[in-house]
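[1] Let's see this in three dimensions:
(chains A and B)
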Amino acid sequence: DTGVSQNPRHKITKRGQNVTFRCDPISEHNRLYWYRQTLGQGPEFLTYFQNEAQLEKSRLLSDRFSAERPKGSFSTLEIQRTEQGDSAMYLCASSVGSNTEAFFGQGTRLTVV
Amino acid sequence: GENVEQHPSTLSVQEGDSAVIKCTYSDSASNYFPWYKQELGKGPQLIIDIRSNVGEKKDQRIAVTLNKTAKHFSLHITETQPEDSAVYFCAARPANQFYFGTGTSLTVIP
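    Now for the predicted structure:
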């Protein structure tokens, strides 16, 4: 087990394009979180899954954002019609349950030009 | 929702000295407080955490204290080393998500 894995590490896209990121959590971790981090700020919550169920979404998650975790293992985060304001580091974290420590991946840095 | 404030935003210490980073939180329902270290271009790495039923926890050169009454918690790093240089984030969890502070950029001067 090598920890939370995120791909790609970097993504540059033109404004208006769609992008998709993938997160592979630590094996046996049934909770998966997505966070966004902009320069000089702490991570901000986007959404989380308990197994395959998406249980909570932040107001930051506009209708251009969608996340899935179809089999309760890996998760994808898609951003449609990207805007320059979407440029950020997108972080994924996983935990065994609701009351345990969460471990983060290395993140996907998105740049919208 | 929860509001976590973190101070200072930057901190420079001489190698071997101690560093202290302080955080406050607003939601009394918060019961778990992790600290993360983030190096440039990398994801946050969990370095220590504390639960609300404990007042202090120590792991080698790192310790965390929690004052539930005052709603504040602190990270203490002793005998700092250059490799401790990074951005440190505190966080609080009242329910299902973590709320992070704005980070402290620690520089350890050799």
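[2] from here on, contacts and neighbour counts on C-alpha atoms
    Will do.
[3] Now do the contacts for the residue in chain B that chain A sits nearest to.
    In chain B, the residue that lies nearest chain A is B:Gly43 (4.0 Å; CA to the nearest CA). Contact partners of B:Gly43, counting by CA atoms under 8 Å, 6 or more residues apart in numbering or on different chains, are A:Leu91, A:Phe104, A:Gly105, A:Gln106, A:Gly107.
[4] Who wins on neighbours among those?
    With neighbours taken as other CA atoms under 10 Å in any protein chain shown, the top of the contacts of B:Gly43 is A:Gly107, carrying 30 neighbours.
[5] Would you check that that residue makes contact with B:Lys42?
    Yes - with contacts defined as CA atoms under 8 Å, A:Gly107 counts as touching B:Lys42 at a distance of 6.9 Å.
[6] In strands only, show me the contacts of B:Gly43.
    Cross-referencing the contacts of B:Gly43 against strands under DSSP state E gives A:Leu91, A:Phe104.
[7] In TSV: the contacts of B:Gly43, plus pLDDT.
    Shown next, in TSV, are these (pLDDT from 0 to 100):
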residue	pLDDT
A:Leu91	98
A:Phe104	97
A:Gly105	97
A:Gln106	96
A:Gly107	97
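[8] The contacts of B:Gly43: which two are farthest apart?
    A:Phe104 and A:Gly107 (7.9 Å; CA to CA).
[9] shared neighbours, those two?
    Residues within reach of A:Phe104 and of A:Gly107 at once, by CA under 8 Å, 6+ apart, are A:Leu91, A:Cys92, B:Gly43.
[10] Identify the residue spatially nearest to whichever residue of chain A sits closest to chain B, adjacent ones excluded.
    Proximity of chain A to chain B (CA to the nearest CA) peaks at A:Gln106, 4.0 Å away. Spatial nearest neighbour of A:Gln106, chain neighbours left out: B:Gly43 (4.0 Å); criterion: CA to CA, 6 or more residues apart in numbering or on different chains.
[11] Ok, A:Arg109 next?
    A:Met89 (4.3 Å).
[12] do you know how far the one you found is from B:Thr78?
    Here the criterion is CA to CA, to the nearest Å. By it, A:Met89 lies 31 Å from B:Thr78.
[13] Can you pick out the residue with more neighbours from these two?
    A:Met89 (24 against 16).
[14] before we move on, which element is the residue nearest the centre of chain A in?
    Among the residues of chain A, the one closest to the centroid is A:Trp34, at 3.5 Å (CA atoms, centre = their mean). Following DSSP states H and E, one finds A:Trp34 within strand A:31-37.
[15] which residues does B:His72 contact?
    B:His72 neighbours (CA under 8 Å, 6+ apart): B:Lys22, B:Cys23, B:Thr24, B:Tyr25, B:Leu66.
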